[in-house]
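Colleague: Please work out how this folds:
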Amino acid sequence: MNYLAHIFLSGDEPEVQIGNFIGDAIKGKDYENYREQVKKGILLHRQIDTFTDTHPVVRKSKKQLSPVFGHYSGILIDIFYDYYLSLHWSKYSNLNLEEFTQDFYKNLMNTDIQLPEEIMQFRYSLTQNHWFKNYRSFVGLKKVLGGMEKRIKHQIPLQLGVNDLIEHHDVLDLHFREFFPELIDFTTQFIKNYQDE
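Modeller: Numbers count the residues shown, from 1 in each chain. This next block holds a predicted model:
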């Protein structure tokens with residue numbers, strides 16, 4: 001899953017959301033340097049990634065994409081699932097998507113949590129370019145993927161992945177709607193068990 005889903009799955013606790021948001025940038029046991037709610041978010045991020053990467057439905061989704069993307073097919077599916085989450089947002093949340101994202105942007109920009117350098121640089125692009133709003137359209141997705149193309153080492157035409165999304169739109173939508181409720185149940189259980197510790 002990509003940023004929107006990670007934040008959504010964190011519940012309504014801002015520090016858990018931010019911990020989940022920075023999860024990829026925190027390596028090894030460095031999560032121990034953060035206060036408890038941030039730590040919970042970082043560990044939740046890792047659990048979400050493991051659950052997603054090993055799920056058979058997600059594997060089926062990856063197979064819908066062109067072989068040209070190689071292991072980047074997983075990144076594309078993460079972003080495409082965020083696209084479907086934004087399309088179906090009202091099924092999963094009582095909050096308006098715009099309100100949800102603006103609240104997160106505000107918390108991210110005003111937090112006193114020590115953010116990794118790469119996140120410090122990225123958060124301005126995220127908030128100024130309204131990434132989460134871009135997830136809702138094919139044009140917006142191409143913008144997001146174009147930005148990613150510039151940051152990766154390999155010359156992979158990620159923007160062309162939108163063509164695969166369009167071609168397999170209904171199948172990938174079914175995959176998302178089958179997978180996401182299971183992921184919600186999984187993360188809800190993780191958060192509950194973490195609180196019980």
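Colleague: which residue ranges form the helices in this structure?
Modeller: Using DSSP state H, the helices of the chain run over 3-8, 14-21, 36-53, 56-63, 73-87, 89-92, 97-110, 117-128, 131-134, 138-151, 161-167, 169-196.
Colleague: quick one: which of those helices is nearest Lys27?
Modeller: With C-beta to C-beta, the closest approach to Lys27 among the helices of the chain belongs to helix 36-53: 10.3 Å. (Glycine included, C-beta is placed from N, CA and C.)
Colleague: The closest one: which residues count as buried?
Modeller: 37-45, 47-49, 51-52 (16 or more other C-beta atoms under 10 Å).
Colleague: Farthest pair within the residues you listed?
Modeller: Gln37 and Thr52 (22.4 Å).
Colleague: Just give me the residue right at the centre of this structure.
Modeller: Nearest to the mean C-alpha position of the chain, by C-alpha atoms, centre = their mean, lies Asn2 at 1.7 Å.
Colleague: residues in contact with that residue?
Modeller: By C-beta atoms under 8 Å, 6 or more residues apart in numbering, the residues touching Asn2 are 78-79, 81-82.
Colleague: how about a cut-off of 10 Å?
Modeller: Residues near Asn2 by C-beta atoms under 10 Å, 6 or more residues apart in numbering: 52, 75-83, 85, 131-132, 135, 144.
Colleague: Looking at stretch 60-79 now, give me its mean pLDDT.
Modeller: Mean pLDDT, computed over stretch 60-79, is 94.
Colleague: just stretch 39-53 next, same as before
Modeller: In the prediction, stretch 39-53 has an average pLDDT of 96.
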